[in-house]
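Student: Quick one: sequence plus predicted model below, questions after.
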Amino acid sequence: MTKKKILKTLYEKKDEYISLEQLLNETGRSQKEVENGFLTLEDEGYIINHSQLGYRLIKTPNLLLPYEIKKGLKTEFIGHDIHYFKEVDSTNNVAKYLAEEGAEEGTIIVAEIQNRGKGRRGKTWISPPGGVWMSIILRPDIPPFSAPQLTLVTGVAVARTLKKELKLDVGIKWPNDILIGNKKVCGILTEVSASINKVNYVVVGIGIDMNVDVPLFPPNLQKGATSLKNELDTEINGAILVQKFLLEFESLYKKFTEGKFPEILNEWRLLSKTIGSKVEVRTRGKTVRGEAVGITKDGILILELEDGNLRKMISGECLHINKP
Ligand code: BTN
């Protein structure tokens, strides 16, 4: 693609100007093709300065563009195939479609905006510009009942990334909300296609409120939500954040497929803000209150009720009553 060749050449030149002649030589393309390439790049938000000295890349847009993600990606297979959308209904929906069509393990789908983003329990996931809205296609050789464990694996990968790269003090609220303080900054939605004893594919959807402006969220969500930009008072580079996350995710996913989930679960426990807290878990039918005392290897939360009995919660919406 001409666009990629131009970008590669401009990046190689770093801060230097490059003449049109050099550009034509290095890209092996015609003047018309290069000019069209410039137009496409400018359309995407790149700013290319043109003077009598030649051409120079001045600004890269802070978008999840495949070229920018791949540029510094150090993974073995996760994120090598990237499907990019400016706007889409839901990256999880696209991922499921592509998985049905035979997309390879590690294929990712990213979007700047989702107009029908999906949250857990049938909720809508508000997905304005500035977020990381991303899905990963996986084909693990595991029994279907183990697939939900991947949600916990992903939660640990997000938490690790935000801690290491941005020095944020993050925690996990069962089952898979990433919190900063008491506020949610990321949610994970895992969808599984399986037959009785075989997983066909798993789609892991990750939504990180990265540079999202929280005041633009609907009023009912504002109190419980935050964004990375909000916490750090600075814009985060999305492509770099995705690269770092994918590397962290791949290393944990490999561990998971090697049967080392218990190790990952130990890390999850350390990150958990739920274990040790008084909680209220709302399920479709009823609300259960108690102290969260543990989690099983399948991600089931164990509550100690007021009468001392233990109750296992498979799913539900969890509220921390007292902050740990
Ligand atoms: C939650 O309710 O906490 C889960 C939210 C998951 C949102 C992500 S954004 C990317 C992917 N596509 C979707 O439609 N949902 C997930």
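Tutor: In hand now; what should we look at?
Student: Could you report the pLDDT at the closest residue to the ligand within the stretch 151-300 of the chain?
Tutor: Here the stretch 151-300 of the chain gets closest to the ligand at one residue, Gly187, 2.2 Å apart by C-beta to the nearest ligand atom. C-beta here means a position set from N, CA and C on the backbone, and glycine is covered the same way. For Gly187, the model assigns a pLDDT of 97.
Student: Over to the one 10 residues further on?
Tutor: The predicted local distance difference test score for Asn197 is 90.
Student: related to what we said a few turns ago, number of nearby residues for the residue lying closest to the residue of the stretch 151-300 of the chain closest to the ligand once chain neighbours are set aside?
Tutor: Nearest residue to Gly187, sequence neighbours excluded (C-beta to C-beta, 6 or more residues apart in numbering): Gly207, at 5.0 Å. Gly207 has 27 neighbours, counted by other C-beta atoms under 10 Å.
Student: From the contact counts, what lies against the helix or strand the residue of the stretch 151-300 of the chain closest to the ligand falls within?
Tutor: Using DSSP states H and E, the element containing Gly187 is strand 183-194. Packing contacts for strand 183-194, counted by 3 or more C-beta pairs under 8 Å, 6 or more residues apart in numbering; DSSP states H and E, involve helix 91-100, helix 149-166, strand 177-180, strand 199-208.
Student: cutoff 10 Å now
Tutor: The contact analysis (3 or more C-beta pairs under 10 Å, 6 or more residues apart in numbering; DSSP states H and E) places strand 183-194 against helix 91-100, strand 132-138, helix 149-166, strand 170-173, strand 177-180, strand 199-208, helix 228-232.
Student: Would you mind listing the buried residues in that strand?
Tutor: By neighbour count on 16 or more other C-beta atoms under 10 Å, the buried set for strand 183-194 is Lys183, Lys184, Val185, Cys186, Gly187, Ile188, Leu189, Thr190, Glu191.
Student: Show me what from this protein comes close to the ligand.
Tutor: Listed as neighbours of the ligand in the chain under the rule C-beta under 6 Å from any ligand atom: 90-92, 114, 117-120, 123, 125, 127, 133-135, 177, 187-189, 205-207.
Student: which of those count as buried?
Tutor: The neighbour count (16+ other C-beta under 10 Å) marks 90-92, 114, 117-118, 120, 125, 127, 133-135, 177, 187-189, 205-207 as buried among the residues of the chain next to the ligand.
Student: can you pull out the helices in the stretch 201-324 of the chain?
Tutor: 219-222, 228-232, 238-257, 261-271 (DSSP state H, counting those that start in this stretch).
Student: Output those helices as TSV; include the columns mean neighbour count.
Tutor: Output for the helices of the stretch 201-324 of the chain, formatted as TSV (neighbours: other C-beta atoms under 10 Å):
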stretch	mean neighbour count
helix 219-222	10
helix 228-232	19
helix 238-257	21
helix 261-271	16
